[in-house]
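Peer 1: Got a sequence here, can you build the structure:
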Amino acid sequence: MRGWTIPVVTALALLAGWGVAAPLSNAAPRPSIQHKLPARPLIALTFDDLPAHGPLPQGGDRLVIGKTIIAALAAHHAPAFGFMNASFGAGDPNAPKVLAAWRAAGLPIGNHTFGHVNLDTVGADAFLADVARNEPALSAVAGGADWHWFRYPFLVEGQSDTVREAVRAGLRDRGYRIAAVTMSFGDYAWNDAFARCTAHHDEPAIAALETSYLAAARTQAQRSRDLAQAALGHDIPYVLLMHLGAFDARMLPRLLNLYEQMGFGFTTLPAAEADPFYRAARDLTIPGPTATLEAAARAKNLPIPANAPVPAASVCA
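Peer 2: Residues are numbered from 1 along each chain as shown. All right, here's what the predicted structure looks like:
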């Protein structure tokens, strides 16, 4: 079908070395920083909503989406971390195959709750129950690999101190670390728009989506760097939030090329979050919320750059 079929490169053999982070510079750190800075800015790629994110385009296939993303990562020697919702993909026979392919490629997986629940809607007790409900399926998929990384759905950590700290304590008791986010461009909105435009066979609209997707990714990557430089005085390893969606699969080779052209390298989530900036994400005895670049900038009364626009719901509606 036009605008959807994507050749899948069987490059999984390249994945063998993904457990090793990109090398760090041997240069002396700046006096105010107690760790070695990388020779170039690094991004840790993370994908939420495994095994099934967003609407399928007409003629689409979840397994093709997953394998296409895996192949693009392999071709760029880019590590990635996935976050699973066990309720997603129910009834789709390819959903378990997506998870199997992810793990067969050596890619780690973590907890995103069973039903992608919003903490501010359900409260601390129900939220932690949904975290625990996800664990049997997650453990089975992960095998012997460590799956104790957690990504909050919607990045909501709780509006009240009481709720937020109750959840942090519950996650700590279950052995989790938080997968914080310091780079995002709202990729989910393009997955929705792509499905609508594909149904209408609107090739010009799909081409426009491709252009705007890469433009937003570039803008947001520079925004993260600008915030870090302004608030911290240096780059940190950035953690990019993406989703396992159809348009992400279509665009990932071009997206990774873009980041490389911008001078970024790729690293693992654990290596990125070893940076001191993410201390509260690793150590849940520290009161939350998890650090963000926006909060770091606000603490110094610095301006917050606007986010890049995402496709409107009216696109191909």
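Peer 1: Shouldn't Gly89 be within a strand?
Peer 2: No: using DSSP: H, G, I helix; E, B strand; the rest coil, the secondary structure at Gly89 is coil, not a strand.
Peer 1: packing partners for the longest strand along the chain?
Peer 2: Across the chain, the longest stretch assigned as strand under DSSP state E is strand 42-50. In terms of contacts (3 or more Cβ pairs under 8 Å, 6 or more residues apart in numbering; DSSP states H and E), strand 42-50 is packed against helix 62-75, strand 80-84, helix 95-104, strand 238-243, strand 265-266, helix 269-272. All C-beta atoms are positioned from the backbone trio N, CA, C, and that covers glycine.
Peer 1: Now do it, average pLDDT.
Peer 2: Mean pLDDT, computed over strand 42-50, is 98.
Peer 1: Between strand 238-243 and that strand, find me the angle.
Peer 2: Direction vectors for strand 42-50 and strand 238-243, defined by axes from the mean of the first three to the mean of the last three Cα atoms, to 10 degrees, enclose an angle of 30 degrees.
Peer 1: tell me how far strand 42-50 is from the chain's mean position?
Peer 2: 3 Å (Cα atoms, centre = their mean, to the nearest Å).
Peer 1: same thing with stretch 61-70?
Peer 2: Using Cα atoms, centre = their mean, the offset of stretch 61-70 from its chain centre is 16 Å.
Peer 1: Please list the residues outside it that contact it.
Peer 2: Contacts to stretch 61-70, defined as Cβ atoms under 8 Å, 6 or more residues apart in numbering, come from residues 6, 8, 12, 47, 50-52, 56, 89, 92, 94-95, 97-98, 101-102, 105, 107, 244-246, 248-250, 252.
Peer 1: Could you export the helices and strands packed on strand 42-50 as TSV, including mean neighbour count, mean pLDDT and distance to Ala39?
Peer 2: As requested, the helices and strands packed on strand 42-50 are exported to TSV (neighbours: other Cβ atoms under 10 Å; pLDDT from 0 to 100; distance: least, Cβ to Cβ, whole Å):
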stretch	mean neighbour count	mean pLDDT	distance to Ala39
helix 62-75	23	98	22
strand 80-84	27	98	21
helix 95-104	19	98	30
strand 238-243	24	98	15
strand 265-266	20	98	8
helix 269-272	23	98	14
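Peer 1: Distance to Ala295 added to the ones you listed, as a markdown table?
Peer 2: Shown next, in a markdown table, are these (distance: least, Cβ to Cβ, whole Å):
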| stretch | distance to Ala295 |
| --- | --- |
| helix 62-75 | 30 |
| strand 80-84 | 22 |
| helix 95-104 | 32 |
| strand 238-243 | 15 |
| strand 265-266 | 25 |
| helix 269-272 | 18 |
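Peer 1: Which one, of the ones you listed, ends up nearest to Tyr152?
Peer 2: Across these, Tyr152 has its closest neighbour in strand 80-84 (9.8 Å, Cβ to Cβ).
Peer 1: what does that closest one contact?
Peer 2: Under Cβ under 8 Å, 6+ apart, the answer for strand 80-84 is 44-51, 73, 99, 102, 107-112, 134, 137-138, 141, 149, 151, 179, 244, 268-269.
Peer 1: So which of the helices and strands packed on strand 42-50 is nearest Ala317?
Peer 2: Ala317 sits nearest to strand 238-243 of all the helices and strands packed on strand 42-50, at 20.6 Å, using Cβ to Cβ.
Peer 1: Which is the succeeding secondary structure element to that closest one?
Peer 2: helix 246-261 (DSSP states H and E).
Peer 1: What residues of that following helix count as buried?
Peer 2: 246-253, 255-256, 258-259 (16 or more other Cβ atoms under 10 Å).
Peer 1: show me where this structure has helices.
Peer 2: 62-75, 95-104, 119-122, 124-142, 161-173, 187-199, 203-232, 246-261, 269-272, 279-282, 293-299 (DSSP state H).
Peer 1: so what does the last one touch, helix or strand wise?
Peer 2: Think helix 293-299. If contacts are counted by 3+ Cβ pairs under 8 Å, 6+ apart, helix 293-299 sits against helix 203-232.
Peer 1: buried residues in the helix it packs on?
Peer 2: For helix 203-232, by 16+ other Cβ under 10 Å, it's 205-206, 208-210, 212-214, 216-221, 223-225, 227-228, 230-232.
Peer 1: likewise stretch 113-121?
Peer 2: Applying 16+ other Cβ under 10 Å to stretch 113-121 flags 113-114, 116-117, 119 as buried.
Peer 1: go on, stretch 283-299?
Peer 2: 284, 288-294, 296-297.
Peer 1: Report the distance from it to the chain centre.
Peer 2: 18 Å.
Peer 1: ok, now stretch 203-212?
Peer 2: The chain centroid and the centroid of stretch 203-212 are separated by 23 Å, computed with Cα atoms, centre = their mean.
Peer 1: Brilliant, that's me finished.
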